[in-house]
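Engineer: Got a predicted structure here, sequence first:
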Protein chains: 2
Amino acid sequence: MNIQFFMPTKVMMGKDCIAANAGELAALGKKALIVTGRASAKANGSLADVIAALSANGQEFEIYDKVMSNPTIDCVYDGANAAREAGADFIVAIGGGSPMDAAKGIALLARQDIPREELFSGNYHKDVLPMAFVPTTAGTGSEVTPYSILTNDKLQTKTSIASPLLFPKLAFLDAKYTEGLSKATAVNTAIDALSHSVEGMLSIRANKLSDCLAAESIRGIFSCMDSLKAGTLSFEEREVLLYSSMLGGVVISHTGTTAVHSMGYSLTYFRGIDHGRANGLLLGEFLKLVEKTFPEKVSEIVSLGGLPSANEFKAKLFELLGEMESFEADELEKYSDIAVNAKNVKNGIVVPTKEEILNIYKNSLMR
Amino acid sequence: MNIQFFMPTKVMMGKDCIAANAGELAALGKKALIVTGRASAKANGSLADVIAALSANGQEFEIYDKVMSNPTIDCVYDGANAAREAGADFIVAIGGGSPMDAAKGIALLARQDIPREELFSGNYHKDVLPMAFVPTTAGTGSEVTPYSILTNDKLQTKTSIASPLLFPKLAFLDAKYTEGLSKATAVNTAIDALSHSVEGMLSIRANKLSDCLAAESIRGIFSCMDSLKAGTLSFEEREVLLYSSMLGGVVISHTGTTAVHSMGYSLTYFRGIDHGRANGLLLGEFLKLVEKTFPEKVSEIVSLGGLPSANEFKAKLFELLGEMESFEADELEKYSDIAVNAKNVKNGIVVPTKEEILNIYKNSLMR
């Protein structure tokens, strides 16, 4: 039994957890750069809660609210400049995966001069701004991962900065911030979390502990499926989803993701399809491929959702995902060329060939 | 759903994990004080593995092998002097709970002058020697807790130093070191781990995540029950027990223990009964008491072991524990007086009265 486990982020979950644990923020520094997107943190109350806590602690702050969806490399260099100019000595990130992933790059670049061509090298010295994360969707799990996933226009896909330095010090999980999410965002983010936990169980780096946490996460997400589909999530269900997405983050911190993520990136990069939705569209077909070689593993996974096989798993996800975008065969050829060379593809217990990748795309996306 | 989760120790588990991860030790410092007991670390190969890793890293070391079972306050002050005299800048602890618990006190006192009357105050500054832990029994979970539990002669019980400063940086879990344990020690330590996970589920501080980990731990320990009883543990089962005891440590790091531990301390202090065995003798009767108020919670726990009720749970443990020591009513009165005032008693979802405590003692220990 080989296990490596490392997750140093302090997680505080509960209604009004920022106010209840404001003192934890006090230890991070004197002046925060609050990294967020344009609007949602203002609308859902998370920004106000963070500002109230910082103010109660007598901490200064500036707001950097220029993080776009699927943040770019430019964005993190720009944010790092903002952190330096503000004289910030810590970061508070608020939002979905985009602000959180950008914030990690910003925290690193604010303290280290790293040329663009070395940004993904993994060769960093130890200095990084300490970070507190406030997820406002229940999907990415970025609040407990050492990954900053950025859109890489040069490679026409997403690329990760991965370093234990990037674990946030603190994560505040309050489901009230997810109450205003659209139904589509709630679904897409939940499927992103599901994809992390399922892919974690299909990783060559999976171990008994990561599987235990993944199973807890998958059970949690499936317990909310009907309400997700109906758009009737209760507060308690939102908490289960937020908890499950955090667990999914812990899982992929140890296992990484698989071909599903590699393949999904093209759908996002070229077609603007939401990241979670992109994974959801492909996850069922990938499970069907893995089922041929590892039927027991796939049975273990799908039975966590009360389902008999990968086929029903796919059908369940497709019910949730609704109407399908249309795709042409030649674009799927192009995506396959990109995906087959991605690092994550080799991380699965089944490593699909280019032909298998193309088949997954076609069977998932073409009627 | 309120959850706090914090466990910053990097866990590396697997056969020969020290050699495979020797580089992790290199970051801790230049000279180690190896804290251990008299003999076992030499006999089971763990000391040799640690020395080989330190030597490969070019790190110096001295050995402090004076830790006794149920280490005293004197012991940690003495060990701290040894660390200072050696000029050690980190600690490697090897052994069961006793060397590991002592090592945490030593790491603290080597860097901070704390008068004895303030040792348990929780008021420490941040400086502590970094620690790497090598458990050689599968019971205590001390390698992933922030607790140093010491025999307190003034109070005639055990008292805990508790501080997040005391989390080891590294934990190396290699089940080969447990292969030479006597059957009695294997049983007693497994029951200690079981007690941590069961008590964790009965704590007022239990949450969904601690319960998930506790359940995984309880399932693991029960899967080894027959082999424990027969004295025929395989290497794979020893790994399951080591994994389960680590999880039990993660659980009590978040939940603390309950009346069972408070009551067990007297059996150890006054009668020299092994700590795990002491808990095992009392755990079934405590579950029976809790069952009256929380039948569903107890059913959830005992069903993890495939058992129908607390009564069968108690019977299962007693089968394993073998012949009983004999006790007099008046000594149990004395132990009840001590236990009712212990901090842990109030940490359970059922807080037993003095009379209930006495009844648990009597029903557990007198035929």
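Structural biologist: Happy to help now that I have it. Numbers count the residues shown, from 1 in each chain, chains lettered A, B, ... in the order given.
Engineer: ok, residues contacting whichever strand or helix holds A:Asp74?
Structural biologist: Secondary structure from DSSP states H and E places A:Asp74 in helix A:73-86. Applying C-beta atoms under 8 Å, 6 or more residues apart in numbering or on different chains, the external contacts of helix A:73-86 come out as A:31, A:33, A:35, A:62, A:64, A:66-68, A:91, A:102-103, A:105-110, A:116, A:119, A:129, A:148, A:150-153. Yep, even glycine has a C-beta here, placed from its N, CA and C like the rest.
Engineer: Just the buried residues of those residues.
Structural biologist: Neighbour counting by 16 or more other C-beta atoms under 10 Å in any protein chain shown classes A:31, A:33, A:35, A:64, A:66-67, A:91, A:102-103, A:105-110, A:119, A:129, A:148, A:150-152 among the contacts of helix A:73-86 as buried.
Engineer: Among these, name the ones in helices.
Structural biologist: Within these, residues falling in helices by DSSP state H are A:102-103, A:105-109.
Engineer: who's in contact with A:Phe270?
Structural biologist: Contact analysis of A:Phe270 by C-beta under 8 Å, 6+ apart lists A:156, A:331, A:334-335.
Engineer: One more: A:Val290?
Structural biologist: Residues near A:Val290 by C-beta under 8 Å, 6+ apart: A:202, A:297-298, A:310, A:348-350.
Engineer: Okay, and which of those map to helices?
Structural biologist: A:297-298, A:310.
Engineer: now, which of the residues you listed sits nearest chain B?
Structural biologist: Chain B has its nearest neighbour among the ones in helices among the contacts of A:Val290 in A:Lys297, at 17.9 Å by C-beta to the nearest C-beta.
Engineer: Let me know the pLDDT of the closest one.
Structural biologist: In this model, A:Lys297 is scored at 97, pLDDT.
Engineer: ditto for the one 4 residues further on
Structural biologist: Predicted confidence (pLDDT) at A:Ile301: the value is 98.
Engineer: ok, now A:Thr159?
Structural biologist: Looking at A:Thr159, the pLDDT reads 86.
Engineer: Quick check: chain neighbours aside, which residue is closest to it?
Structural biologist: A:Asn152 (4.1 Å; C-beta to C-beta, 6 or more residues apart in numbering or on different chains).
Engineer: My guess is that neighbour contacts A:Lys158. True?
Structural biologist: Yes: assessed by C-beta atoms under 8 Å, A:Asn152 is found in contact with A:Lys158 at 6.3 Å.
Engineer: The helix or strand that contains A:Ala53: which residues count as buried?
Structural biologist: For A:Ala53, the host element (DSSP H and E) is helix A:46-56. For helix A:46-56, the neighbour count (16+ other C-beta under 10 Å) marks A:46-47, A:49-51, A:53-54 as buried.
Engineer: Contact residues of chain A facing chain B?
Structural biologist: Residues of chain A found near chain B (C-beta under 8 Å from any C-beta of the partner chain) are A:1-8, A:10-14, A:17, A:173, A:175, A:208-209, A:212-213, A:216, A:236, A:239-240, A:243, A:247.
Engineer: excluding its backbone neighbours, what's nearest A:Lys31?
Structural biologist: Once flanking residues are discounted, A:Lys31 sits nearest to A:Glu60: 4.2 Å by C-beta to C-beta, 6+ apart.
Engineer: OK, contacts around the one you found?
Structural biologist: Going by C-beta under 8 Å, 6+ apart, A:Glu60 touches A:30-32, A:54.
Engineer: residues of whichever helix or strand A:Ala278 is part of that come out buried?
Structural biologist: Here A:Ala278 sits within helix A:275-293, counting by DSSP H and E. Going by neighbour count (16+ other C-beta under 10 Å), the buried part of helix A:275-293 is A:275-291.
Engineer: Just the terminal-to-terminal distance for stretch A:163-177.
Structural biologist: 28 Å (C-alpha to C-alpha, to the nearest Å).
Engineer: Name the residue of the stretch 101-250 of chain A that lies nearest to chain B.
Structural biologist: As assessed by C-beta to the nearest C-beta, chain B sits closest to A:Glu239 within the stretch 101-250 of chain A, at 4.2 Å.
Engineer: mind checking how far that residue is from A:Gly220?
Structural biologist: For A:Glu239, the distance to A:Gly220 equals 9 Å [C-beta to C-beta, to the nearest Å].
Engineer: again with A:Ser245
Structural biologist: For A:Ser245, the distance to A:Gly220 equals 9 Å [C-beta to C-beta].
Engineer: Please apply the same query to A:Glu291.
Structural biologist: A:Glu291 sits at a distance of 23 Å from A:Gly220 (criterion: C-beta to C-beta).
Engineer: Do you have the helices of the stretch 251-367 of chain A handy? List them.
Structural biologist: For the stretch 251-367 of chain A, the helices defined by DSSP state H, counting those that start in this stretch cover A:259-271, A:275-293, A:295-303, A:310-321, A:329-340, A:354-365.
Engineer: so which of those gets nearest A:Thr137?
Structural biologist: Set against A:Thr137 and scored by C-beta to C-beta, the helices of the stretch 251-367 of chain A come closest in helix A:275-293, at 8.9 Å.
Engineer: The closest one versus helix A:354-365: what angle between them?
Structural biologist: 120 degrees (axes from the mean of the first three to the mean of the last three C-alpha atoms, to 10 degrees).
Engineer: CA-only coordinates of helix A:275-293 in CSV, if you can.
Structural biologist: C-alpha atoms of helix A:275-293 as CSV (Å, rounded to 0.1, in the frame of the first residue of the first chain):
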residue,chain,number,x,y,z
HIS,A,275,-14.8,23.6,-18.3
GLY,A,276,-17.1,21.4,-16.1
ARG,A,277,-19.6,20.8,-18.9
ALA,A,278,-16.7,19.9,-21.2
ASN,A,279,-15.6,17.2,-18.8
GLY,A,280,-19.1,16.0,-18.3
LEU,A,281,-19.6,15.5,-22.0
LEU,A,282,-16.6,13.2,-22.2
LEU,A,283,-16.6,11.5,-18.9
GLY,A,284,-19.1,8.8,-19.7
GLU,A,285,-17.4,7.6,-22.9
PHE,A,286,-14.0,7.6,-21.1
LEU,A,287,-15.6,5.4,-18.4
LYS,A,288,-16.9,3.1,-21.0
LEU,A,289,-13.5,2.7,-22.5
VAL,A,290,-11.9,2.0,-19.0
GLU,A,291,-14.8,-0.4,-18.3
LYS,A,292,-13.4,-2.8,-21.0
THR,A,293,-10.2,-3.3,-19.1
